[in-house]
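Enquirer: Model the following, please.
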Amino acid sequence: MSCWACPVAAARNVGGSLIRKIQAPTRRGRFVRWRFWLPGFLLAAGGGALLYTFIILFAGWGWATTLVAPFCVGATVGYGCRARPFVLVLLSLGALAIVVLTLYSLSFLGVFCATAVVVVALTPVLIGTACGVLLRVVLKASNFQQRHYLPLFMLAIATGLLAAVERAVFHGYAVESIVTAVDIPAPVGRAWNAVMFYEEVHHRPPLLLRMGLPRPLYTRGSTAAVGDRKVCVYSKGRLVKQVTQRVPERRLAFDVIGQEKIENNSVRLTGGSFDFTCAAPDTTHVELTTSYEPKLGPRWIWRPAERLAVHTLHRHVLEGMRQKAMEQ
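Expert: Prediction:
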């Protein structure tokens, strides 16, 4: 052996050891970055969007869409992604956000309903994530050869079957009415002359309405007699209202006979009314009513959000009437 062979061999050993130490964290970093969470995340987001779309088109909004579908999204993340619990929560929320944005882009949801869907789906998504992690841990030690895909496939099939059952037994929800009342400090005649629809109110609407409804542009038509129509045009869509009852200084009622591209998958507006009662010589009690056929279920989940939105709209309109009556 030559005199320089031993130093060269030692240098090679030292160099190889340094290279291995440098490469080890690099491989671990790649492990954390994408390989063991990105496929599951993409499956949850893409598969969840497809599952939601199918169920909405097939059976509408019911238990399967509102509760079971977000559970599936979370379970896919928990079962298909290997990461720390905090990262799994972030991945589940990210997958849910992608699903909701997809539904919004397909016009299945408006802004307000999209926000409500996120709030309602948070709990099922997180529960599904925990169940997915638990199932992965249980099946990891088993000899079940189809564990990589069959549990998630069966979960999607079960969701589709539930949607089929809902479609078979569902016959629509009953029409609901929401009433908001205020006292306007003006005689009944001035309050009657101040009647206006949401599209005719001049002051800035609340944030909830700005988020939840398209921007009103203008109205055309009249409400001077029974049978008259008022066309309310928005930045996206329009409403057509026809007067069905008109008793001066007492009642103005109307039906909604046209609804285009305004929360069509959430509610079908049927009508409304303004009712006036003389509470005092200079005070008028006004009740604003909105009637609609809901399309979102289960009702115990969606009804509070709908009532919040309608009462907010009513108060905005009644405030506009109060301002107009005071200016007369």
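Enquirer: Break this protein into its domains for me.
Expert: Taking automatic domain parsing as the reference, the chain has its domains at 36-169, 176-327.
Enquirer: Same list, these, but as a markdown table with mean pLDDT please.
Expert: As requested, the domains of the chain are exported to a markdown table (pLDDT from 0 to 100):
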| stretch | mean pLDDT |
| --- | --- |
| domain 36-169 | 90 |
| domain 176-327 | 92 |
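Enquirer: Just name the most buried of these.
Expert: domain 36-169 (a mean of 18; mean count of other Cβ atoms under 10 Å). To be clear about C-beta, it is placed using only N, CA and C from the backbone, and glycine gets the same treatment.
Enquirer: Quote the end-to-end distance of that one.
Expert: The straight-line separation of the ends of domain 36-169 (Cα to Cα, to the nearest Å) is 42 Å.
Enquirer: ranges for the strands of the protein?
Expert: For the chain, the strands defined by DSSP state E cover 176-184, 216-221, 229-234, 238-247, 251-260, 267-280, 283-294.
Enquirer: Output those in CSV, with distance to M154 appended to each entry.
Expert: Formatted as CSV, the strands of the chain follow (distance: least, Cβ to Cβ, whole Å):
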stretch, distance to M154
strand 176-184, 37
strand 216-221, 48
strand 229-234, 44
strand 238-247, 44
strand 251-260, 39
strand 267-280, 34
strand 283-294, 32
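Enquirer: what about the ones you listed, which gets the closest to T123?
Expert: For T123, the closest of the strands of the chain is strand 283-294, at 21.3 Å, according to Cβ to Cβ.
Enquirer: ok, the closest one: who's next to it in the sheet?
Expert: Taking DSSP bridges as the criterion, strand 283-294 forms sheet pairs with strand 176-184 (antiparallel), strand 267-280 (antiparallel).
Enquirer: just to revisit the earlier point, quick one, which of the strands of the chain is nearest to L155?
Expert: Among the strands of the chain, the nearest to L155 by Cβ to Cβ is strand 283-294 (28.0 Å).
Enquirer: chain center to that closest one: distance?
Expert: Distance, stretch centre to chain centre, for strand 283-294: 25 Å (Cα atoms, centre = their mean, to the nearest Å).
Enquirer: How much space separates V175 from G271?
Expert: The gap separating V175 from G271 is 9 Å, by Cβ to Cβ, to the nearest Å.
Enquirer: Common neighbours of the two, please.
Expert: The overlap between the contact sets of V175 and G271 (Cβ atoms under 8 Å, 6 or more residues apart in numbering) consists of S291.
Enquirer: before we move on, back to that, in CSV, list the strands paired with strand 283-294 along with distance to T123.
Expert: Compiled in CSV, those are given as follows (distance: least, Cβ to Cβ, whole Å):
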stretch, distance to T123
strand 176-184, 25
strand 267-280, 24
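Enquirer: Point out the one among these that comes closest to L150.
Expert: strand 267-280 (39.2 Å).
Enquirer: V243 is in contact with R251, isn't it?
Expert: No: in this structure, V243 is not within contact of R251 by Cβ atoms under 8 Å, at 10.8 Å.
Enquirer: From what I see, T159 and T65 are in contact.
Expert: No: between T159 and T65 there is no contact under Cβ under 8 Å: 9.0 Å.
Enquirer: Common neighbours of the two, please.
Expert: Listed as contacting both T159 and T65 by Cβ under 8 Å, 6+ apart are I55.
Enquirer: Relative to E176, how far out is the residue nearest the centre of the chain?
Expert: Taking Cα atoms, centre = their mean, the centroid of the chain lies closest to A114, which sits 2.4 Å from it. Relative to E176, A114 is positioned 22 Å away (Cβ to Cβ).
Enquirer: Once you drop chain neighbours, what's closest to R251?
Expert: Sequence neighbours aside, D275 is the residue nearest to R251 in space, at 5.3 Å (criterion: Cβ to Cβ, 6 or more residues apart in numbering).
Enquirer: Specify the beta-bridge partners of the one you found.
Expert: Listed by DSSP bridges, the beta-bridge partners for D275 are R251, E287.
Enquirer: residues making contact with stretch 311-325?
Expert: The contact list for stretch 311-325 (Cβ under 8 Å, 6+ apart) reads 178, 180, 182, 184-186, 190-191, 193-198, 200-203, 205-206, 208-209, 213, 284, 286, 288, 290.
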